[in-house]
Structure formats: structure tokens, C-alpha cells
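Asker: quick one, structure for this:
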Amino acid sequence: MRPVLFQPYEVFDYLGVMYKLFTALLLIGSAATIAQTKVRITTAGKGWAANSVNAVIFRHNSLTSFNNTQYIAYYDSAQRLVIGQRAIGSSRWTLQTSPYTGKATDAHNTISIIADGEGYLHVSWDHHNNELRYARSVRAGSLELTNKLPMTGSKETKVTYPEFYRLPNGNLLFLYRDGGSGNGNLMLNHYDTKTKKWTQLQDGWINGEGQRSPYWQMAIDKAGTIHISWVWRESPDVASNHDMMYARSKDGGRSWEKSTGEKYALPITAATAEYACRIPQHSELINSTSMSTDDAGHPYIASYWRDSTSTIPQYRLVYHDGQQWRTQQISQRRTPFSLSGGGTKRIPISRPQILVASKKGLVQGLLVYRDIERKEKASVAYCADITKGQWQVKDLTTFPVGLWEPSYDKEIWQKRQVLHLFIERVEQGDGETTRAIPPQPVQVLEWSMR
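Answerer: Presented below is the predicted three-dimensional model:
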């Protein structure tokens, strides 16, 4: 099918009255500030919006870039897989409807994309405990996809949560769960751009021993160290989430160690894992959130849960300062809610996306999220020095985004410290149910805090 060139439906520049509200954040003993400068939104097309499948946080990735080209992927109103590209900074998107479809009515069945170090686009889509669906572009920079391809051919029949990551050398990692909720293992594959072949690095190296499943988040730092953290879930019931664990790999995922440098004997189990934070079951602890790292390679994990003395879940940061694990409350929410049951939940707040940037010896933090208390807008909490723990909150959109969760272009953030955020107003019924809502604009919000 020939690509179609779409003009954006609308381009917004919010450098006006609203963002004059972004005032300088004064630091004790420092003149450093984080200031709002510009928000710009471009529209690629219109997407499926009857549930949150296009806008869940565990899309790695909804947006990705290579050199000066940015790619986007989403399901359209007919549940077809659409791929798009533009020159970074342009408002003109070229879209191509692929020959593939997905069961968009299930919010697990996400689309994940990545460009490898040679510019080939890799795509995986439509998974909830079913066979692998994977293809890549027929040539570098193309939107035309190959036929469906296997990766390694091993344990590719019960795939959920496909995620791509690019290593500094341009090779790729592919992460997914083999098996079901409460009884699944984590798989890790490696793609070599020279041989164009996938190999399996790990088979259940974080292992629930048939009793529980890990629900993870992962990040790769500038040195290429892989950081992963996870909660354990004892059953399909989200209320059984507990604790926050951590591991890292300095050799591309082949061996793993704790934050102390102590080597893990694989597989990592509940008894052998490093616990970054102890969190009991029934704490409204959410799973599958986000991680980031600073220039020194220290990990930062965002999540939410409630204290035993409260009914109100709060956004929190779990991070390692080079000496020890620390936990910090970010939000001051006032609205209680409770998590229980299986499937995709209709929750009044989104899972949070954490980003960090190092500047003049300080680590700045951004927490991107959506909260009913802020009228379901895309919001950002920012902190000019995480060690101070002074967070301020502003809205990035003037309009509600429904049951949206944040995902962003990691390559652009790492290179430029500019946030390119996937935006689409979506709905979500409790469990795998949908809501009646017409297709909505699929957009990219660009924001620079400098």
C-alpha cells in the first residue's frame, strides 16, 4: 500500500498565559532552575480510542527515532497497524497502513517499535499469551514491513508485553513474558545488526518458580548497563503485587548483579532478589511502570502505592544514590482508590513515567502522568534537585486525555533532553471492556524544560 502524506490536524503553541505560570524553582544554595519554555503538539492521524491499547505505559516504544527521523505506531479505528514517520521537528507525517491487524479490544495487545543501529524498523504487536507477531522494515528507513518473522523459534507461542530496547552499539534487546499472569517467566532476546539474527540470552532468568510472575520496567544507561526492576505478583489479582526488586547487567544481559556488585546466581527468585523497597501486598501497588538513570548510572524507579496508615495511593520514587536505596513521596493526592481483580483496570490515575537529567552536578527529575484530580490532563511533576525532594506540578495539555498513560521517545530524550510524548485521548472499561468513543487524534507533544 502506498504511503499517504497527512497534514497535521492542528499544531498548538502554548507559550502564552498558561505557561507563564511556570515559575522558577529556587534551590537552596543554587541558582539553577527548571523553566517551562515551549509546548508544541502535532497530529499524525486518528486512532482507536475505545480502550487504552494505544496509550498504555508499557509501550516500548510508541515513538522511536533514528538520526533525524521519528517513527510512530498505533491502531486505527479498524484495528489496523499503522506506521508513520517524519523528520524530527516537522509537522508533516507520512503514514502507511500495514497489512496487519491486532485485537485492539484487549488493552494488553500493544504495538512496540524500535529502529536498530542501521535504521531498520522492528515492530511487534497484538500479544496477550499468544504466538509471536514480529516484522521489520524491508529496508532502512522504509515503512513497508516484511512478512511475519520468528525470532529464535523458542518459547514464542505464549507472548505478552513485547518491549524493544536499543543498545549503544545499535544492537537490540527484546523483552517479553512467556506464560500467564501469576505464572510466567521473563525472556530476553538479542539482535545483532551485522548478522541480522536474534539469539536468546535469557530464559526465565527472573523466575516466579511457578508461584508468581515478575512485572518489570527496564532502562539502559549511557554506558550500556541494563537496569531492571520489578514487583512480584502472586496471582492474576493486581492486589497481590508486592515489593520492588532490582538487578543490572554490564555485559549486555548475559550476567546479572545487585547494586552492590554481587553477582546473581541465575535464575533470580523471590528468595535471592535484591529488594530496593519492601511493599506489602494489598498496598494498591501498581505494576509495569517506568525506570530511568542519571549520567552516573544510578537507577530511578517510579510507581505508586499507599502507606498502611492511608487509603490514598501516592506517586513515589525509589532510587539508588550510589550508597543506598532511598524512597521519596512525590505527590500529595487527596483521592482514595483501591486496586483489585484481573485484567486492565479503569484507574483514576495513570502509571507514572520517570525521566531524569543531570545538570551542573544535580539530578533533575520529571514525572509524567494523568490524574483525575487534575481533570485528566497530561501533567508533569518536576524537581530541580531530587535530593531535595521539592516537586512542583504543571499541566502539559489544556484538554483531558481520558485514560491515557505516558510513553515517549527515549532516543530524543537521551540526546537532547526534550520530551516527545505520545498523546491520544482514550477510554477504558474495567477488565478487557471498551467504551463508546470515536477515533481520536494521535499526537506528539514536544516539551523542552530548558
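Asker: contacts and neighbour counts: CA atoms only from here.
Answerer: Will do.
Asker: mind checking how far residue 179 is from residue 273?
Answerer: 21 Å (C-alpha to C-alpha, to the nearest Å).
Asker: of those two, who's got more company?
Answerer: For residue 179 against residue 273, the residue with the higher neighbour count under other C-alpha atoms under 10 Å is residue 179, and the figures read 21 against 18.
Asker: what about that one, which SS state?
Answerer: strand (DSSP: H, G, I helix; E, B strand; the rest coil).
Asker: pull the contacting residues for the closest residue to it other than its chain neighbours.
Answerer: With C-alpha to C-alpha, 6 or more residues apart in numbering as the measure, residue 158 is the residue that lies nearest to residue 179, at 5.4 Å, once sequence neighbours are left out. Taking C-alpha atoms under 8 Å, 6 or more residues apart in numbering as the contact definition, residue 158 lies against 128-132, 177-180.
Asker: quick check: which ranges of the stretch 151-300 of the chain have low pLDDT?
Answerer: Across the stretch 151-300 of the chain, residues meeting the criterion (pLDDT under 70) sit at 182.
Asker: now do the strands in it.
Answerer: With DSSP state E, counting those that start in this stretch, the ranges of strands along the stretch 151-300 of the chain come out as 159-166, 172-180, 183-192, 197-203, 213-220, 226-233, 241-249, 274-277, 290-293, 299-305.
Asker: do the same with the stretch 1-150 of the chain
Answerer: Using DSSP E, counting those that start in this stretch, strands in the stretch 1-150 of the chain cover 4-6, 12-13, 38-47, 63-66, 69-75, 80-87, 93-101, 111-115, 121-125, 134-136.
Asker: take those strands and write them to a markdown table, including distance to residue 298, mean pLDDT and mean neighbour count.
Answerer: Formatted as a markdown table, the entries for the strands of the stretch 1-150 of the chain read as follows, by distance: least, C-alpha to C-alpha, whole Å; pLDDT from 0 to 100; neighbours: other C-alpha atoms under 10 Å:
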| stretch | distance to residue 298 | mean pLDDT | mean neighbour count |
| --- | --- | --- | --- |
| strand 4-6 | 41 | 36 | 14 |
| strand 12-13 | 35 | 37 | 12 |
| strand 38-47 | 29 | 95 | 22 |
| strand 63-66 | 23 | 98 | 23 |
| strand 69-75 | 28 | 98 | 25 |
| strand 80-87 | 32 | 98 | 21 |
| strand 93-101 | 36 | 98 | 19 |
| strand 111-115 | 24 | 98 | 29 |
| strand 121-125 | 29 | 98 | 25 |
| strand 134-136 | 32 | 98 | 22 |
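Asker: could you work out the end-to-end span of stretch 243-261 for me?
Answerer: 21 Å.
Asker: contacts for it, please.
Answerer: Outside of stretch 243-261, the residues within contact range by C-alpha under 8 Å, 6+ apart are 188, 201-202, 224-232, 263-264, 273-281.
Asker: separate out the buried members of those residues.
Answerer: With neighbours counted by 16 or more other C-alpha atoms under 10 Å, those contain buried members at 188, 201-202, 224-232, 264, 273-277, 279-281.
Asker: name the nearest residue to residue 282, ignoring sequence neighbours.
Answerer: Distance criterion C-alpha to C-alpha, 6+ apart; nearest residue to residue 282, sequence neighbours excluded, is residue 239 at 5.0 Å.
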